[in-house]
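In: Here is a sequence together with a model predicted from it:
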Amino acid sequence: MNLPKSIKINEVVLRDGLQLEDKVLTIDEKKTLFDLLVKANIGTLEFGSFVHPKLVPQMANSGELFELISPTSGELKLIALIPNLKGAKNAQEKGVKKVNFVFSASDTHNQQNVQKTTEESLVELKEIVDYCEEHAMVLSVSIATTFGCPFEGEVKKERIHWILEQLAPLHIEIITLADTTGMANPQQVYDLISELKNKFPEQSFNLHFHNTRGMGLANMLGAIEAGITSFDASLGGLGGCPFAPGATGNICTEDVVHMLHSMGIDTGLSLERLIEASQKLQQLVEHATPGYVLKAGPYDRKYPVPAAK
């Protein structure tokens with residue numbers, strides 16, 4: 001396997017991780033998680049989203065959270081998800097400088113998510129590009145349901161190629177390809193990413209996998225084989241789209257870091273600190289999280305030999 005020396009992790013627990021939780025965390029509780037993630041040396045963090053609070057009440061305090069954490073963020077890159085131009089404007093009013101616009105490759109999912117067709121979202125994206133340029137905001141883009149749609153099923157790779165062709169003239173810094181409900185497989189991931197990197201060699205890609213069917217880390221390896229070195233992950237493996245049936249958690253940050261470090265790939269993150277943060281996360285959401293390393297410990301953990309009876 002041709003492995004990179006390092007991989008960048010974008011932490012999404014404060015946004016994707018919490019948006020399906022029954023318990024709505026307070027600003028202070030989110031700040032507690034933020035501080036623990038900073039101690040783990042997280043470099044980029046999707047801290048929340050500017051969506052309608054009635055649709056995703058878990059994100060209603062994202063603006064206030066940004067005002068609390070941004071003065072102490074230092075070199076940490078803070079990113080807000082936006083579904084439309086209004087979201088970009090709301091983020092800008094709070095002083096957010098990095099935003100991630102999300103739309104779906106699938107028309108049906110996009111209608112469920114933002115009440116627009118994919119083509120309508122692409123039209124609005126051009127307005128968002130102009131707005132962000134005018135206000136010195138860095139814009140990235142996420143394409144949901146890249147590897148399959150819970151309503152339509154297969155999303156043909158030709159459609160992904162077409163979407164990328166529409167995005168190419170806009171010079172988006174980073175494009176995230178998202179497996180929104182864990183429908184991908186490693187061969188599919190490798191094939192599509194290889195094609196896109198060959199066709200759009202100047203474009204930087206980030207990958208977003210869900211572990212809905214237990215394929216998340218395998219799909220990540222398929223992407224690494226295709227040359228991807230940037231991934232989203234969520235502490236504890238929490239997360240899921242509120243508008244996608246069957247959506248469950250993201251690939252788990254501490255599991256991802258454990259796998260990469262055991263393979264000799266650097267992330268710049270502290271696994272020990274991530275496990276501490278994940279323990280606190282369980283307390284805050286008041287239930288067990290899906291991650292494995294928190295339960296079993298690292299692979300090199302040693303147990304005492306039981307005394308003879």
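Out: Arrived safely, thanks for sending. Numbering: from 1, shown residues only.
In: Quick check: the gap between the residue most central in space within the chain and L14.
Out: Among the residues of the chain, the one closest to the centroid is D232, at 3.8 Å (Cα atoms, centre = their mean). Separation of D232 from L14 (Cβ to Cβ, to the nearest Å) stands at 12 Å. Just so you know, the C-beta spots here come from the backbone N, C-alpha and C atoms, and that holds for glycine as well.
In: for L294, same thing?
Out: From L294 to L14 the distance is 18 Å (Cβ to Cβ).
In: For the two, work out which one has more neighbours and name it.
Out: The neighbour comparison of L294 against L14 (other Cβ atoms under 10 Å) goes to L14, with 28 against 24.
In: Enumerate every residue touching the residue lying closest to that one once chain neighbours are set aside.
Out: For L14, ignoring the flanking residues on the chain, the nearest one in space by Cβ to Cβ, 6 or more residues apart in numbering is F47 at 4.9 Å. Each residue near F47 by Cβ atoms under 8 Å, 6 or more residues apart in numbering is listed here: 14-15, 34, 62, 65-66, 69, 78-80.
In: Am I right that K30 sits in a helix?
Out: Yes. Residue assignment for K30, taken from DSSP: H, G, I helix; E, B strand; the rest coil, places it within a helix.
In: ok, so what distance separates it from V285?
Out: K30 sits 11 Å away from V285, going by Cβ to Cβ.
In: Mind checking which of the two has more residues around it?
Out: Using other Cβ under 10 Å as the criterion, K30 and V285 rank with K30 on top: 23 against 19.
In: That one: what's its closest spatial neighbour, skipping adjacent residues?
Out: Nearest non-adjacent residue to K30 (Cβ to Cβ, 6+ apart): L65, at 5.3 Å.
In: Doesn't the one you found lie inside a strand?
Out: No. Going by three-state DSSP, the assignment for L65 is helix, not a strand.
In: and it, what is it in contact with?
Out: Each residue near L65 by Cβ under 8 Å, 6+ apart is listed here: 14, 27, 30-31, 34, 47-48.
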